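In: Here is a sequence with its predicted model. Questions after.
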Amino acid sequence: MIQFRRLIFLCLFALAACGGAHDTGVPPAPPGVLFAPDFGDSDPASFNAPRPAAFAVHGIDAARFQHSVDWGRARASGVNFAFIKATEGGDLLDSAFHEHWRAAGSAGVVRGAYHFYYFCTPPEDQARWFIRNVPRSAGMMPPVLDMEWNPFSPTCATVRPPGAEVRDQMRRWLRIVEAHYGQRPIIYTTPEFYRQNGLSQFDGYEFWLRSTAKTLGEAYPGQSWKFWQYTATGIVPGIAGGVDLNAFNGNRSDWQAWLARRAVR
């Protein structure tokens, strides 16, 4: 499988020499092609079943910390999708967002953008800031609302509203963003935040869940999910340093069906 995948990649470069490359100098993968992950992990966990390797479709999430990414090589190594950090609060734009967004799209990686939520700024302001900075691009994954406590902000680190208020603010952000992009956003969260704020009450929303030591069934009992962030120490050819790795909950046919239903138009 690995040799076959490398053969495809070499053929793509040959086509690029004849004028098929995008402006990044790296051609995209052929439409519909899915690559099995050729990833490593500098600090792997020992998961119970189902382990991440049991899932067919994998990707990454990226931000300014991934400052050196060869998206074409990463794509051929199994990065089928990427959640890219766009905004924080009501006035912060990730410095690498536009470059990651452009280059990932040029390499044929299915993209989605996420917003890191702050509790010291009204949700309406945060939603407008996200919309201002994230283009509505056909084929992109639904937008993501990243909900976790923020220990690093000099102004928001100690602001921790009660669960009912957290859920109210989330719903206000989600409604505005859904109306703009035409797709219901995905909710990202951590086990601690999920439990403390009653996020199981968000029926009808898809979840992207973090758990780097336990399966999602163990970390979030009874919660359905669409994406699993299973490590922060992934090693991916084409990406310098560690990167978060994620799995899609389903097989390859499920992935194609999900994209057909959930991609922004």
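Out: Noted; the coordinates are in hand. Numbers count the residues shown, from 1 in each chain.

In: alpha carbons only for contacts and neighbour counts from here, please
Out: Noted.

In: just the helices in the stretch 1-150 of the chain please.
Out: Listed from the start of the chain, the stretch 1-150 of the chain has helices (DSSP state H, counting those that start in this stretch) covering 2-15, 71-76, 97-106, 123-133.

In: Show me what the shortest one is packed against.
Out: What that stands for is helix 71-76. With contacts taken as 3 or more CA pairs under 8 Å, 6 or more residues apart in numbering; DSSP states H and E, helix 71-76 sits against helix 2-15, helix 97-106.

In: Poorly predicted segments of the protein, please.
Out: Within the chain, the set of residues satisfying pLDDT under 70 comprises 1-32, 153-155, 157.

In: Please tell me how far the most centrally placed residue in it sits from Met140.
Out: To find the centre residue of the chain, average its C-alpha atoms and take the closest one (CA atoms, centre = their mean): that gives Phe83, at 2.4 Å. Spatial separation of Phe83 from Met140 under the definition CA to CA, to the nearest Å is 10 Å.

In: which residues of the stretch 151-265 of the chain fall in strands?
Out: In order along the chain, the stretch 151-265 of the chain carries the following strands (DSSP state E, counting those that start in this stretch): 186-189, 207-210, 227-235, 243-248.

In: Serialize these to a markdown table and add fields for mean neighbour count and distance to Phe116.
Out: Shown next, in a markdown table, are these (neighbours: other CA atoms under 10 Å; distance: least, CA to CA, whole Å):
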| stretch | mean neighbour count | distance to Phe116 |
| --- | --- | --- |
| strand 186-189 | 22 | 9 |
| strand 207-210 | 23 | 14 |
| strand 227-235 | 22 | 16 |
| strand 243-248 | 23 | 16 |
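
In: Serialize those strands to JSON lines and add fields for distance to Asp146.
Out: Shown next, in JSON lines, are the strands of the stretch 151-265 of the chain (distance: least, CA to CA, whole Å):
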{"stretch": "strand 186-189", "distance to Asp146": "5"}
{"stretch": "strand 207-210", "distance to Asp146": "9"}
{"stretch": "strand 227-235", "distance to Asp146": "12"}
{"stretch": "strand 243-248", "distance to Asp146": "14"}
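
In: residues in contact with the nearest residue to Gly78 once chain neighbours are set aside?
Out: Nearest-residue entry for Gly78: Pro37, 4.0 Å, with adjacent residues in sequence omitted and distances by CA to CA, 6 or more residues apart in numbering. Contacts for Pro37 (CA atoms under 8 Å, 6 or more residues apart in numbering) come out as 57-58, 77-79.

In: Run through the neighbouring helices and strands of the top helix by length along the chain.
Out: If you go by DSSP state H, the chain has its longest helix at helix 163-181. For helix 163-181, the contact count by 3+ CA pairs under 8 Å, 6+ apart identifies helix 123-133 as packing neighbours.

In: Just want the angle from the helix it packs on to helix 97-106.
Out: Helix 123-133 runs at 50 degrees relative to helix 97-106, counting by axes from the mean of the first three to the mean of the last three CA atoms, to 10 degrees.

In: Helix 123-133 - contacts with which helices or strands?
Out: Helices and strands in packing contact with helix 123-133 are listed as strand 81-88, helix 163-181; criterion 3+ CA pairs under 8 Å, 6+ apart.
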